[in-house]
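1. Sharing a sequence plus its predicted fold:
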Amino acid sequence: MAAVMRRYGVQNRRVLVVDDNRAIHDDFNEILGASGNEHSELDALHAELFGPPAEPELDAFELESAYQGEEAIERVRDALGAGRPYALAFVDIRMPPGIDGIETTARLLAEDPELGIVICSAYSDYSWEDMVKTLGQTDRVLILKKPFDPVEVRQLAHALQKRWELARTVALRMEDLTDMVDARTRELEEANVKLELEAAAREEALQKLEESNAQVTALAYQDGLTGLPNRRLLNEHLEKVLARARRKSTEFAVLFIDFDNFKLINDTIGHQAADGLLKELAKSLSDLIRLDEVLTQYVDTEVDLDATITVEPITDSVLSRLGGDEFVVLLPDTRDRFAAGSVASRILQHLERPIRTQDRDIVVTASIGIATFPEDGQSVDTLIRNADTAMYHAKQQGKAAYQYYSAEMNAASVERLTLETGLRRAIEDEALELHFQPQVELGSGRIIGCEALLRWRDPVRGYIAPAEFIHIAEDTGLILPIGEWVINRACAHAVEWQRAGLPPVPVSVNVSAVQFRRQNLPEVVSRALAATGLDPALLDIEITETAIMSVRARAVESLEELRALGVTLSLDDFGTGYSSLSYLKRFPISMLKIDRSFISELLSDGATSSITEAIISMTHILGLTALAEGVENAAQIEMLARLGCDAAQGFFFSAPVTAEEMPALLRRRRLPVPPTRAAVAK
Ligand code: C2E
Ligand code: MG
Ligand code: MG
């Protein structure tokens, strides 16, 4: 800015004298040239007019001469072109043989509109009015009558010079202002464009979030394969039906349907065809279940489901798929226990018709177990479990039949009792151990963590998988000491490996909802960290969605407390429980583990892969890492990499290994990823 301001000190003392008489040029030289300044009389006048003389102010004018109008015009044009314009010109009115002073003036003004002009006239042949007629109204032209009064000449010269300088200063200032305004406008425009781009990006992210949200909601309530209500919808609905049945003292029934020999069918016709068959069966069953005549025959029609249920589709009965070949029918408001049996036999009858899939007719039979409220259970879990037990019994009786639940038939309860007794002694007997499965970054193959998985070593049965005993441990509360043992053991192993000089890798531990509810988990974790000396950053706690949701109100607080210890949190089995985005946002988790059921259907089912993609992008929008569980082959990895998944875990990389086998894995640091992926990563 300072550099610009300096330009305002404009000076121009250049004067052009235009006259055909050479003597006149000498006169002007005398008056305005260097010698002219010796006139003390003029100095005094100048001081009077413009104040005390500032240094260059009284310098001589720089005079140049032209003898004809045409020549003057050329000089003015050249001076302008060279960037050295004249401030003013004295123009004689008569200059034979060339053009006269008036025309010269007009053309000079046309050439340089800034130029000040003094027309010198010895005669009164041109009046002011005449000049105005030719030159138009102008304040740039003055008239000087001959013979010249030197004082008047200097006065005119000074006045016009000042005027020129002032006009130029104003013009420069205007130019700077315009530049400034332009620059500022450009800045504002650029800022505007940037803001608009940012707004658009935000808009896009929000929209994506909403889309994922919608997809996740759909997937939360619908079975991916058949489109039927899933376990979650069934559970929610059952809870409401149960509450209402209690209030109104009504009855309802749960039918557990399992197709016979489905594993055999699966192995025979192949996984894909078996999926197709399941879809057909689901369709066929839902046709039947929705048949009013079947239901109205046995079931009260006046069903008044409470208004709080908003999930579609809710009819008076609900057919849902739990997974695999297991379906459940809920019959609300049965008049009596026997209504359910009639529906079950109609279902079995309906299934006698062959189902056509992939150009084959297949006859599928089913076994159905029935549990009714209030006789066979007081909670949703018990009712489903008992219907399952009854179904199992029907199978043992020769299949293709239905069975009502009865307490005696519960063979499983004996088995369960045995397990429970054994489990109580497992810790003391040191029969529990942890196996570990590596978690691998897809881009690099780097081992970024390992999950501790609990095993129960039985002298007779070998390793018992957690699926078989965790729920018993939860029901009996044994999960509390077992869970604490797991956390301690996992930390201890991690420290051991580090001491052995292996690269430090975070270890993930699964915790159950019961631990959240009944144990001070943050305290247990912090004790384990203190006892083993493990860096908290190397401990990750895996919680399932269902666990979080079951302790809703306190969940955020407990999770925050855990985070405050410095450990990280992951959401396990994502997609199988309450996948509410609004909840996800509130939890301080850093990784989301996509459930194995998505990965196993990734390549065979288009819907699954789009849902998986939606989950991954949602995960990224929330700033979390997406890990795929149960990856078993290279094709799945390639697909996951394409969908943008960050990491994976599964048999493809390694099955869970013992703590003794783990160091060898860790030492490798990286596990091979499929070559195409490696090429992309580069
Ligand atoms: P999870 O946390 O989702 O663990 C992953 C399960 O998938 C493990 O089963 C693992 O062996 C299995 N798996 C890993 N890769 C593959 C694969 O490529 N294909 C297939 N088909 N399966 C794979 P696991 O060890 O039987 O554990 C089952 C579940 O039991 C775990 O699921 C977890 O929810 C629970 N669990 C395990 N250990 C503990 C524990 O210490 N505490 C609690 N509360 N639960 C545990
Ligand atoms: Mg887990
Ligand atoms: Mg899992």
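-> Received the coordinates, thanks. Numbering: from 1, shown residues only. Ligands and ions are numbered 1, 2, ... in the order given.

2. avg pLDDT for the top strand by length along the chain?
-> The longest strand of the chain (DSSP state E) is strand 447-458. If you average the pLDDT over strand 447-458, you get 96.

3. Past that strand, which element shows up next along the chain?
-> Downstream of strand 447-458, the next assigned helix or strand under DSSP states H and E is strand 462-464.

4. Quickly find the element holding Ser284.
-> Assigned by DSSP H and E, Ser284 falls in helix 271-289.

5. Tell me the buried residues in that helix?
-> Along helix 271-289, these residues count as buried under the neighbour rule (16 or more other C-beta atoms under 10 Å): 273-282, 284-286, 288-289. Backbone N, C-alpha and C define where each C-beta goes, glycine included.

6. give me every residue that touches Ile482.
-> 423, 426-427, 432, 454, 473 (C-beta atoms under 8 Å, 6 or more residues apart in numbering).

7. And the residue of the stretch 151-300 of the chain closest to ligand 1?
-> His271 (13.4 Å; C-beta to the nearest ligand atom).

8. Contacts only, for the residue nearest to Gly116 when sequence neighbours are not counted.
-> Closest residue in space to Gly116, ignoring its immediate chain neighbours: Leu160 at 3.4 Å, by C-beta to C-beta, 6 or more residues apart in numbering. Leu160 is in contact with 87-88, 116, 118, 142, counting by C-beta under 8 Å, 6+ apart.

9. tell me which parts of the chain are close to ligand 3?
-> For the chain, the residues in contact with ligand 3 (C-beta under 5 Å from the ion) are 572-573, 629.

10. One more pass at 6 Å, please.
-> Within the chain, the positions near ligand 3 by C-beta under 6 Å from the ion are 572-573, 593, 629.

11. Longest helix in the protein, by number of residues?
-> Ordering each helix of the chain by length in residues (DSSP state H) puts helix 150-221 first.

12. domain assignment for the protein?
-> For the chain, the structural domains run 2-172, 219-405, 421-668, going by automatic domain parsing.

13. and the helix or strand hosting Pro522 with ligand 1, contact?
-> Following DSSP H and E, one finds Pro522 within helix 521-532. No - judged by C-beta under 6 Å from any ligand atom, helix 521-532 makes no contact with ligand 1; its nearest approach is 11.4 Å.

14. by contact count, what packs against that helix?
-> Helices and strands touching helix 521-532, by 3 or more C-beta pairs under 8 Å, 6 or more residues apart in numbering; DSSP states H and E, are helix 479-499, strand 539-544, helix 552-564.

15. Could you check which residue of the stretch 301-450 of the chain lies nearest ligand 1?
-> Closest point on the stretch 301-450 of the chain to ligand 1, by C-beta to the nearest ligand atom, is Gln437, at 5.6 Å.

16. thought that residue was touching Leu453?
-> Yes - assessed by C-beta atoms under 8 Å, Gln437 is found in contact with Leu453 at 6.3 Å.

17. between these two, what contacts are shared?
-> Pro656.

18. Quick one: mean pLDDT for stretch 283-302?
-> When pLDDT is averaged over stretch 283-302, the result is 53.

19. near ligand 1, which residues of this protein?
-> So far as C-beta under 6 Å from any ligand atom goes, the chain lies against ligand 1 at 437, 453-454, 465-467, 470, 483, 486, 510-512, 542, 572-573, 596, 629-632, 650-651, 656.

20. Surely the residue of the stretch 151-300 of the chain closest to ligand 1 touches Leu603?
-> No - shown here, His271 and Leu603 do not form a contact pair, counting by C-beta under 8 Å, at 10.5 Å.

21. how many neighbours does the residue of the stretch 251-400 of the chain found nearest ligand 2 have?
-> Relative to ligand 2, the nearest point of the stretch 251-400 of the chain is Gly323 (17.9 Å; C-beta to the ion). Neighbour count for Gly323, taken as other C-beta atoms under 10 Å: 12.

22. tell me the contacts of Pro450?
-> In this structure residue 450 is Cys, not Pro. Contacts of Cys450 by C-beta under 8 Å, 6+ apart are 436-439, 505-508, 662, 666.

23. Report how many residues lie close to Asp260.
-> 19.

24. any idea how far it is from Leu351?
-> 10 Å (C-beta to C-beta, to the nearest Å).

25. Name the residues contacting each of the two.
-> 364-366.

26. Just the buried residues from the residues you listed, in PyMOL please.
-> Entered in PyMOL, the line below selects the buried ones among the shared contacts of Asp260 and Leu351, by 16+ other C-beta under 10 Å:
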select buried, resi 364+366
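
27. Cross-check the shared contacts of Asp260 and Leu351 against ligand 2 and keep the overlap.
-> Counting by C-beta under 6 Å from the ion, no member of the shared contacts of Asp260 and Leu351 is near ligand 2.

28. where are the low-confidence patches of the stretch 201-350 of the chain?
-> 218, 290-316 (pLDDT under 70).

29. Asp27 is in contact with Phe148, isn't it?
-> Yes - contact criterion C-beta under 8 Å: Asp27 and Phe148 qualify, at 6.7 Å.

30. Please verify my assumption that Ala547 contacts Leu521.
-> No - counting by C-beta under 8 Å, Ala547 stays clear of Leu521, with 10.7 Å between them.

31. Mutual contacts of those two, please.
-> Counting by C-beta under 8 Å, 6+ apart, the common neighbours of Ala547 and Leu521 are Val511.

32. follow-up on the earlier one: ligand 3: which of the shared contacts of Asp260 and Leu351 is nearest?
-> Taking the shared contacts of Asp260 and Leu351 together and measuring to ligand 3 by C-beta to the ion, the closest member is Ala366, at 29.7 Å.

33. want to throw the domains of the chain into JSON lines with distance to Arg186?
-> Shown next, in JSON lines, are the domains of the chain (distance: least, C-beta to C-beta, whole Å):
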{"stretch": "domain 2-172", "distance to Arg186": "17"}
{"stretch": "domain 219-405", "distance to Arg186": "49"}
{"stretch": "domain 421-668", "distance to Arg186": "34"}
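
34. By neighbours, which of the residues of the chain next to ligand 3 wins?
-> For the residues of the chain next to ligand 3, the largest number of neighbours (other C-beta under 10 Å) sits with Lys593, at 27 neighbours.
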